[in-house]
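K.L.:
Would you be able to build a 3D model of this:
(one chain, ligands or ions: 2)
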Amino acid sequence: MTVPVIDLSDVRRGDAAARATAARDIDHALVDIGFFSIVGHGVEPALIAGLRRMALAFFDQPAALKQACSSPEGSISRGYVGIGAENLGPTLGLDATRRDLKEQLAFGPLDAGPGVEANVWPATPAGLADQIRAYCRALEGLADDLLGLFATALGMPLTYFRPYQAGHGNVLRLLHYPDQRDLPPATGETRSGAHTDYGALTILLPDETAGGLQVMLRGGAWIDVAAAPGALVVNIGDLMAMWTNDRWVSNLHRVVNPPRERAGRRLSAAYFVNPNPNATIACIPSCATVHAPPRHPPVLAGAHRAQKIALSRAGSAPSRRDPPLERTHP
Ligand SMILES: O=C(O)CCC(=O)C(=O)O
Ligand SMILES: [Fe+2]
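P.N.:
Ligands and ions are numbered 1, 2, ... in the order given. Take a look at the predicted model:
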């Protein structure tokens, strides 16, 4: 089994039949594996190349310059976070004591609004802020297109998810996994521990040259998430799984170390599409029946995310009351 590829070119041209086909293919992918990749997504190759170049230029700066953009105390997903400070294994209670061998730089919504935390804009490299803004604008549009297709796939009106995004909590996270010749892993350390994403969906710009991203099949085997040049990878997070009553799987994924003989770093950019923090996420009407009543109590989107971020920073995790890893089909 491989991660399916979905071409959005005809959908973006307004072809109704292509839209119905894409919605069906997305539904199958999200039921089976929780991941798919997209081509024909409309994000300009030059925008992607520019983002990658700027991100690498940021991470290549001296540590003191990066630390000057540190995530403010108490902040959720803003600014620079160094190696080992946020680790994904502990967010599920898996790999609770392991560090992720990555550093990151995160940005929230571009438009400040009530209750929206300010971004930390690095002064260098010059042009980074403009590049981030342009990429985030493009991905905001793509996220809206995808959520429209998700709504169609679930038999709901096209704009069903839009109100949940109005004061969105989307986050762009640039992720740099250093060359491991400079940073040999300690026993058990990997680029990223196994985790599920927290929100509605994630649009990942992968590093197709470096590899390393893997997703778990329902049977328990790990497979590589291979992406064609120019493709973006889409997966859903916990809140979308709850919304769909576990019809769709918020699947376990991780980033493994490169083989010892294959050096090199990995640069990826994850755009996390998070519902409004004050939105209540409860089973979508089309996803419940008398025989399959809602399985999850309603949750406040912001509270779920804050809890996960706290676990990623805690270094150890309490056991979860409500394990999200459903390995059976609904
Ligand atoms: O860098 C990657 O390829 C994946 C990162 C990831 O899964 C995450 O940060 O949630
Ligand atoms: Fe992830």
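
K.L.:
Right, and ligand 1 sits closest to which residue of the stretch 1-150 of the chain?
P.N.:
When distances are taken as Cβ to the nearest ligand atom, the stretch 1-150 of the chain reaches nearest to ligand 1 at Leu88, 6.2 Å away. Using the backbone N, CA and C atoms, a C-beta is placed for each residue, glycine as well.

K.L.:
That residue contacts Ala194, correct?
P.N.:
Yes: applying Cβ atoms under 8 Å, one finds Leu88 in contact with Ala194, separated by 7.4 Å.

K.L.:
Please identify which of those two sits among more neighbours.
P.N.:
Between Leu88 and Ala194, Leu88 has the larger neighbour count (other Cβ atoms under 10 Å), namely 25 against 21.

K.L.:
ok, which stretches of the chain are strands?
P.N.:
All strands of the chain, identified by DSSP state E, fall at 5-7, 35-39, 79-81, 103-107, 171-177, 192-195, 201-205, 213-216, 222-224, 232-236, 253-255, 266-273, 280-281, 299-300.

K.L.:
Return the most buried member of these.
P.N.:
Mean neighbour count (mean count of other Cβ atoms under 10 Å) peaks for strand 232-236 among these, with a mean of 26.

K.L.:
do that strand and ligand 1 meet at all?
P.N.:
No: figure legend: strand 232-236 not in contact with ligand 1 (Cβ under 6 Å from any ligand atom); closest approach 7.6 Å.

K.L.:
Can you name the residue of the stretch 101-250 of the chain nearest ligand 1?
P.N.:
Counting by Cβ to the nearest ligand atom, the stretch 101-250 of the chain gets nearest ligand 1 through Leu213, at 4.0 Å.

K.L.:
Next: the stretch 151-300 of the chain.
P.N.:
Closest point on the stretch 151-300 of the chain to ligand 1, by Cβ to the nearest ligand atom, is Ser268, at 3.5 Å.

K.L.:
got the contact list for that residue?
P.N.:
For Ser268, the contact set (Cβ atoms under 8 Å, 6 or more residues apart in numbering) comprises 174-175, 177, 204-207, 213.

K.L.:
do Val39 as well
P.N.:
Contacts of Val39 by Cβ under 8 Å, 6+ apart are 5-9, 228, 230-231.

K.L.:
before we move on, back to that, can you pull the residues that touch both of Leu88 and Ala194?
P.N.:
With Cβ under 8 Å, 6+ apart as the test, Leu88 and Ala194 both reach Arg254.

K.L.:
The spatially closest residue to Asp27 that is not a sequence neighbour: neighbouring residues, count only.
P.N.:
Among residues not flanking Asp27 along the chain, Ala153 sits closest, at 4.1 Å (Cβ to Cβ, 6 or more residues apart in numbering). By other Cβ under 10 Å, the residues close to Ala153 number 23.

K.L.:
Ser312 reaches Glu86, doesn't it?
P.N.:
Yes: at 4.6 Å, Ser312 counts as touching Glu86 under the criterion of Cβ under 8 Å.

K.L.:
related to what we said a few turns ago, mind putting the contacts of Val39 in JSON lines, pLDDT and distance to Pro293 included?
P.N.:
Listed next are the contacts of Val39 as JSON lines, based on pLDDT from 0 to 100; distance: Cβ to Cβ, whole Å:
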{"residue": "Val5", "pLDDT": "97", "distance to Pro293": "35"}
{"residue": "Ile6", "pLDDT": "97", "distance to Pro293": "31"}
{"residue": "Asp7", "pLDDT": "97", "distance to Pro293": "37"}
{"residue": "Leu8", "pLDDT": "98", "distance to Pro293": "34"}
{"residue": "Ser9", "pLDDT": "98", "distance to Pro293": "40"}
{"residue": "Ala228", "pLDDT": "89", "distance to Pro293": "40"}
{"residue": "Gly230", "pLDDT": "93", "distance to Pro293": "43"}
{"residue": "Ala231", "pLDDT": "97", "distance to Pro293": "38"}
